[in-house]
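# Whatever this is, show me its structure:
(chains A and B)
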Amino acid sequence: MASIRVEKVRKRFKNTEAVKGLDLEIKDGEFFCILGPPGAGKTTLLRLIVGLETPDEGNIYIGDESVVGIHPSKRGIAMIFQNLALYPDKTVFDNIAFPLRQQNVEEQEIERRVGDVAKELHIDWLLEKIPSQLSGGERQRVAIGRAIVRQPKAYLMDEPLSNLDALLRLEMRVSLKELQTSLKETFVYVTHDQVEALSMGDRIAVLNEGTLQQVGDPETIYQKPNNMFVATILGSPPMNFLMCDIEKKKDGVRIKHKAFSLETQQKHLLEALERSNGSGGVVLGLRPEEVTIHKEKKAGAPVPAEIYVTEPLGNETIVDVALGDNVIKVIAEPDFEGRSGEKIWIGIECSKLHFFDDETHECLYHASDRDEINIV
Amino acid sequence: MANIVLEKLVKNFGKQTAVKDLSLEINDKEFIALLGPSGCGKTTTMNMISGLLKPDSGKIFFDGKLMNPVPPGKRGVGFMFQNYAVFTFLNVFDNISFGLRIRNVPKVQIDKAVNEVARLLQIRHLLNMSASSLSINDMQRVALARSMITKPQIFLLDEPLSNLDASLRAVMRAELKKIQQELGQTAIYVTHDQVEAMSLADRIAVMNFAVLQQYDTPHNVYNRPKNLFVANFIGSPTINFFEGVYRTGEFLLSDFSGGRISVSSKQKNEVEERLKQEKIVVGIRPEHLKVCDTEKQSRPKLKAKVVSYEPLGSRTVVYMHPDSNPSVIIKSAMGSGYKPKIGELKFIDFEEKALYLFDRETEDLAVRFS
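A predicted model of the protein is given here:
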């Protein structure tokens, strides 16, 4: 059991700075996901925590103890790899017992500790089997059992599910989350898959190009992204962006897109738009589930648009809608039918809009139910 | 113009059967997907269509003409692979025009053709750039343009999007579909990703272990899957399956304590007529299975314990165990704000029309209630 603290850590490899002055606090007992695209620096960060890399600057604490300079094996951390690395010819018992035998623990003690761990993981009835006789989820439990038996302070995982097929991945996600909930140990989990991060993380740290973009619980990161990068990496399909012009009016602004305009006098929004560094424009962000499609014009659907293509997925239909010069993705009902080129009308949930700086791509404002924003 | 007919294709590699008795008809201008897990025979099938592999037996026809003796280069087939095969030492224009230049097409015609596909793929502004300076997204468009420019009557795409990140993949999916509609070529798309197959294809050929399982529209493979494999392979999160037996108007589900679902009198005859034996598997899609708090709200009166949930933004997927079997996972797709407590005992609710009934032995769909 331990918290992990990363303080102003920098790490450079030849010409690239992989981690650029990162601060992070991982709480004791939480499931913490580090999410980012390839090259974001997430694996480097994990290797720094484990001790496989040494930071150029900054400090790393496990519990209250600074671990910089301490050998990986002395940090009390267990690393669980992508290929669970079980010994195929050893039984489950021998696999779990392996680290204890390395330490020359007495056989009686080994039996007791392996038994306890197996019971905790619900694999006590599998102890005599070999890995090839187990399901994917069971194998994962054995790998974790082998880590638990050493009683580490935290568990670190680097994309452990990425080699598996979709069905197995789903099963493993559920079992891993269930396991962590019952163990109440600190799990740090690196992934590029937003579904894994949203589904398992108590909190998520989004990383890009070696810098931290946002830390928060899944709902916050999804609903209030700090910038366009975070807004894009979460959500399937991801958030749509529309470049708009801002026109100042006497007592408010008009936000103009080729297909529609918004008008608002909302004070906080006006102030936020004032802070923009851009050239008089703003990027409007709207989630695919916050747009509705209608075959006729009506009060809730005032914006003319056209169907680009439709993608029926069974449980929902993604409709790609041509809106001015943009194509946006909209989630519609599973039985939605439409032809490419068909004229439609769309409604936009204005209380769920996001406004981004068109230059820095930082979020300026998240709309809420209290805001009066009208489509004109 | 090209329709394709595959007639009883067989391909073995040593003792391994890669494709077994595959018959398939692909209409002119149709977009079909060959979908299945790795090793199911989909790429082997595609390679036989292109001519890169010779079938051990069976026939391949394009527009009624037997293709077996025709070499790959003469079949009029265009390719697009997952590694985009763009020459990084050439600029974009020279990359796209490559296929025409090696055919000694006159310069004026080449210019016209390049401009046309570049406009369609929105890469006209990139024509003079070096291919090595392109983003992955643009690189993929250039690869597509290069395949399209020779105007193949048949387009074969082998997991072309699998190297792209998720958001680009979503954009390119729509682009590919639009382009295929505009060009009107016959396209065969190989993928292991059911989302790509569902969203792109007019019809999907689902394969497993060298055998064609079902060949139908996205709507039908989802709503009327031929068997357990297809039902399980299509849809995300995957369909729920509960094993049980059918006895006089009731399904008895052993995963739940007191688990019984009575069949309406309307459906009873069909169930009894179509079910060959009593062992069954009941399937319910996650979006049709709702979590509720009280027994009263649950029509089938089934209890389940929440083990985890995924707040995926536009919806929340809830995972549960049936009260009598902790090794079974129940999946339910709830609204975006739903937040259950882990470990809590809940009830599940669904309508009869949501059920899929499979024969346990043959694994085939026996009855679809809706």
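# got the residue ranges for the helices in chain A?
A:42-50, A:92-102, A:107-120, A:136-148, A:166-183, A:194-200, A:218-223, A:228-233, A:267-274 (DSSP state H).
# could those go into TSV alongside mean pLDDT?
Listed next are the helices of chain A as TSV, based on pLDDT from 0 to 100:
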stretch	mean pLDDT
helix A:42-50	93
helix A:92-102	92
helix A:107-120	91
helix A:136-148	84
helix A:166-183	81
helix A:194-200	91
helix A:218-223	93
helix A:228-233	94
helix A:267-274	90
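# As a markdown table, these with mean neighbour count and distance to chain B would be great.
From N, CA and C alone the C-beta is placed, and that goes for glycine too. Output for the helices of chain A, formatted as a markdown table (neighbours: other Cβ atoms under 10 Å in any protein chain shown; distance: least, Cβ to the nearest Cβ, whole Å):
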| stretch | mean neighbour count | distance to chain B |
| --- | --- | --- |
| helix A:42-50 | 23 | 14 |
| helix A:92-102 | 19 | 17 |
| helix A:107-120 | 15 | 14 |
| helix A:136-148 | 22 | 9 |
| helix A:166-183 | 19 | 4 |
| helix A:194-200 | 24 | 3 |
| helix A:218-223 | 20 | 4 |
| helix A:228-233 | 22 | 5 |
| helix A:267-274 | 15 | 23 |
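# These: which one's closest to B:I239?
Nearest to B:I239 among the helices of chain A is helix A:166-183 (10.6 Å), distances taken as Cβ to Cβ.
# So what touches the closest one?
A:31, A:120-121, A:136-137, A:140-141, A:144, A:148, A:160-161, A:164, A:187, A:195-196, A:199-200, B:194, B:232, B:236-238, B:307-308, B:310, B:319, B:329, B:342-343 (Cβ atoms under 8 Å, 6 or more residues apart in numbering or on different chains).
# re the thing from before, of all the helices of chain A, which one is nearest B:G258?
helix A:166-183 (24.8 Å).
# Dump that closest one to CSV, restricted to CA.
C-alpha atoms of helix A:166-183 as CSV (Å, rounded to 0.1, in the frame of the first residue of the first chain):
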residue,chain,number,x,y,z
ALA,A,166,-11.7,-7.7,-28.3
LEU,A,167,-13.8,-10.2,-26.4
LEU,A,168,-11.1,-11.3,-24.1
ARG,A,169,-10.0,-7.7,-23.5
LEU,A,170,-13.5,-6.9,-22.3
GLU,A,171,-13.5,-9.8,-19.9
MET,A,172,-10.1,-8.9,-18.6
ARG,A,173,-11.0,-5.3,-18.0
VAL,A,174,-13.9,-6.3,-15.9
SER,A,175,-11.8,-8.8,-13.9
LEU,A,176,-8.9,-6.4,-13.4
LYS,A,177,-11.2,-3.7,-12.1
GLU,A,178,-13.0,-6.2,-9.9
LEU,A,179,-9.7,-7.4,-8.5
GLN,A,180,-8.4,-3.9,-7.7
THR,A,181,-11.7,-3.0,-6.0
SER,A,182,-11.3,-6.0,-3.7
LEU,A,183,-7.5,-5.7,-3.2
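# now that helix, how far from the chain's geometric center?
With Cα atoms, centre = their mean, to the nearest Å as the basis, helix A:166-183 stands 16 Å off its chain's centre.
# Now for residue 334: which residues touch it?
Unless you meant another one, I'm taking chain A. Taking Cβ under 8 Å, 6+ apart, one finds A:P312, A:L313, A:G314, A:N315, A:E316, A:T317, B:E287 in contact with A:P334.
# hm, I was asking about chain B
Applying Cβ under 8 Å, 6+ apart, the residues near B:M334 are B:K290, B:V291, B:R315, B:T316, B:V317, B:V318.
# Scan those and report the most crowded one.
B:V318 (26 neighbours; other Cβ atoms under 10 Å in any protein chain shown).
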